[in-house]
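Asks: Have a look; sequence and predicted model below, questions after that.
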Amino acid sequence: MSEQLIHLGTDVDDCLIDSAGLVAATINKQYGTNLSNKNWYQAHDPEVWGVEDQRVAWGRVNDVLHSREFIENAQVLEGAGHVLKAVKLGGHALSAATGRPDTLGNRKMTFELLQFHYPKLFTSDRLYFTDHFGQSGKKGSKVDVAIAQQFTHFVDDNLDHANPLAEAGYVTYLLGDYPWNQGEAHPRVIRVPDWDVIGGHLFSDLERRTSMDPADRVITESK
């Protein structure tokens with residue numbers, strides 16, 4: 001097995017799985033609302049979500065994410081499996097760090113989701129939850145996870161995560177063209193349209209790290 005020079009962390013929703021559209025469509029069908037992708041990370045709007053209590057809106061989203069229908073009908077992002085398999089076969093580490101709340105239900109169903117669409121690539125002990133919206137009362141931080149688990153690279157679709165990760169020095173890929181990631185990115189954030197481009201960057205960086213003297217290899221890029 002080659003030397004492990006990469007620990008790739010990735011978000012789940014809209015990085016591995018095309019989540020926003022399916023969740024919105026499912027809630028619209030069940031409750032007669034008119035949600036779209038632009039509502040995925042927007043502050044709770046009672047007129048759009050159809051409820052006054054934000055916790056009810058969160059509950060509707062979580063109900064969809066916990067369902068077998070979501071797991072079986074969700075679509076993977078093109079190219080992700082190929083890149084992840086190459087990382088794994090190269091002897092490097094893979095983790096998923098999601099902004100979903102840390103609950104027993106989320107742990108069970110999120111791991112089932114990954115096993116269903118990315119079999120044998122992720123393990124349950126390398127699945128981390130940061131509660132992006134603070135549904136448990138306190139928001140977590142993907143930077144804290146990256147530090148604790150010694151990530152080298154991270155893939156996310158949300159500037160709220162990508163910017164702090166880049167500021168902390170991690171090689172950070174901001175994936176996709178979504179309504180919620182159109183703001184100003186940190187200068188070290190690498191905007192990428194798809195996983196094929198991530199793969200090109202990632203393996204070019206691996207070649208660079210391989211050629212370096214071991215004493216010069218660092219977990220993060222120089223600031």
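Replies: Looks like it came in fine. Numbering: from 1, shown residues only.
Asks: host element of the residue nearest to L121 when sequence neighbours are not counted?
Replies: Nearest in space to L121, with sequence neighbours left out and distances taken as CB to CB, 6 or more residues apart in numbering, is L84 at 5.1 Å. No exception for glycine: its C-beta is placed from N, CA and C like everyone else's. Here L84 sits within helix 80-89, counting by DSSP states H and E.
Asks: packing partners for that helix?
Replies: Contact here means 3 or more CB pairs under 8 Å, 6 or more residues apart in numbering; DSSP states H and E; on that basis helix 80-89 packs against strand 7-10, strand 93-98, helix 195-211.
Asks: Quick one: work out the angle between the following helix or strand past the second one and helix 80-89.
Replies: Reading on from strand 93-98 to the C-terminus, the next helix or strand found by DSSP H and E is helix 104-117. In this structure, helix 104-117 runs at an angle of 90 degrees to helix 80-89, with axes from the mean of the first three to the mean of the last three CA atoms, to 10 degrees as the basis.
Asks: tell me the mean pLDDT for helix 104-117?
Replies: Across helix 104-117, the average pLDDT comes to 96.
Asks: before we move on, what about stretch 37-54?
Replies: 85.
Asks: how long is that stretch end to end?
Replies: Counting by CA to CA, to the nearest Å, you get 18 Å between the two ends of stretch 37-54.
Asks: So which bits of stretch 14-27 are buried?
Replies: Judged by neighbour count using 16 or more other CB atoms under 10 Å, the buried positions of stretch 14-27 are 14-20, 22-24, 26-27.
Asks: nearest to R209, of those?
Replies: Nearest to R209, judged by CB to CB, of the buried residues of stretch 14-27 is C15 at 22.7 Å.
Asks: Against E52, how distant is that closest one?
Replies: 31 Å (CB to CB, to the nearest Å).
Asks: the domain parsing of this protein - what is it?
Replies: Per the record, the chain has its domains at 7-19+76-216, 20-73, by automatic domain parsing.
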